[in-house]
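Peer 1: mind looking at a prediction? Sequence and model below.
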Amino acid sequence: MSSHSAFATPRAIALKEARARFERVKLQEDVIAIVRASVRTALGADGITFVLREGEHCHYVEEDGIGPLWKGQRFPIDDCISGWVMLNNQTAAIPDIFADARVPHDVYRQTGVKSLMMTPVRIGPVVAAIGAYWKTPRDFTADDIQAIEMMADFAGKALRQARG
């Protein structure tokens, strides 16, 4: 063990472990499982979701959270924040979802979600998104945004590898 590893943060450890796991995947399902197991810990989030782009729809294929949100559901790409992220190829960090017009407020009102980050996953084109949710309003740091974008980058490389 190196002397500086004692100072590694839980986030740094989670990112390092996720990267190593992503490098070994063979199937898309493995990528999704790693996202489910790793992102919530790395971000200190109350919940996460993994969303695949299916043409003009967003398919919420997996989640890990305090309660079920949208797993298994499909939404038009123009009607959800994951779609906005995929179409605009950029991360959305939203401290207060009810103050952001990109978020369909009615869909979130019953969920307890107050803040979120959503970022695109690319294999060249954007093929998915990773979302992280919090039940309290929160200001996001550059480190928070970098962490979710790193996870998306790892996931994208793994998806490209899995898809051959």
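Peer 2: Received the coordinates, thanks.
Peer 1: where does this protein have low pLDDT?
Peer 2: 1-7 (pLDDT under 70).
Peer 1: all helices of it, in order?
Peer 2: 10-22, 28-43, 81-88, 105-108, 142-163 (DSSP state H).
Peer 1: distance of the closest residue to residue 93 other than its chain neighbours from residue 22?
Peer 2: Residue nearest to residue 93 in three dimensions, not counting chain neighbours: residue 140, with 4.2 Å by C-beta to C-beta, 6 or more residues apart in numbering. C-betas here are computed from N, CA, C, even on glycine. As judged by C-beta to C-beta, to the nearest Å, residue 140 and residue 22 stand 23 Å apart.
Peer 1: which residues does residue 73 contact?
Peer 2: For residue 73, the contact set (C-beta atoms under 8 Å, 6 or more residues apart in numbering) comprises 59, 60.
Peer 1: could I get the helices of the chain in CSV, plus columns for mean neighbour count and distance to residue 127?
Peer 2: CSV is the format used below for those (neighbours: other C-beta atoms under 10 Å; distance: least, C-beta to C-beta, whole Å):
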stretch, mean neighbour count, distance to residue 127
helix 10-22, 17, 15
helix 28-43, 20, 10
helix 81-88, 21, 8
helix 105-108, 13, 23
helix 142-163, 19, 7
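Peer 1: looking at these, which is closest to residue 69?
Peer 2: When the helices of the chain are compared by C-beta to C-beta, helix 105-108 sits nearest residue 69, at 9.1 Å.
Peer 1: related to what we said a few turns ago, tabulate the helices of the chain (a markdown table), appending distance to residue 53.
Peer 2: As requested, the helices of the chain are arranged in a markdown table below (distance: least, C-beta to C-beta, whole Å):
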| stretch | distance to residue 53 |
| --- | --- |
| helix 10-22 | 19 |
| helix 28-43 | 13 |
| helix 81-88 | 5 |
| helix 105-108 | 18 |
| helix 142-163 | 12 |
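Peer 1: please consider this matter closed, and thank you.
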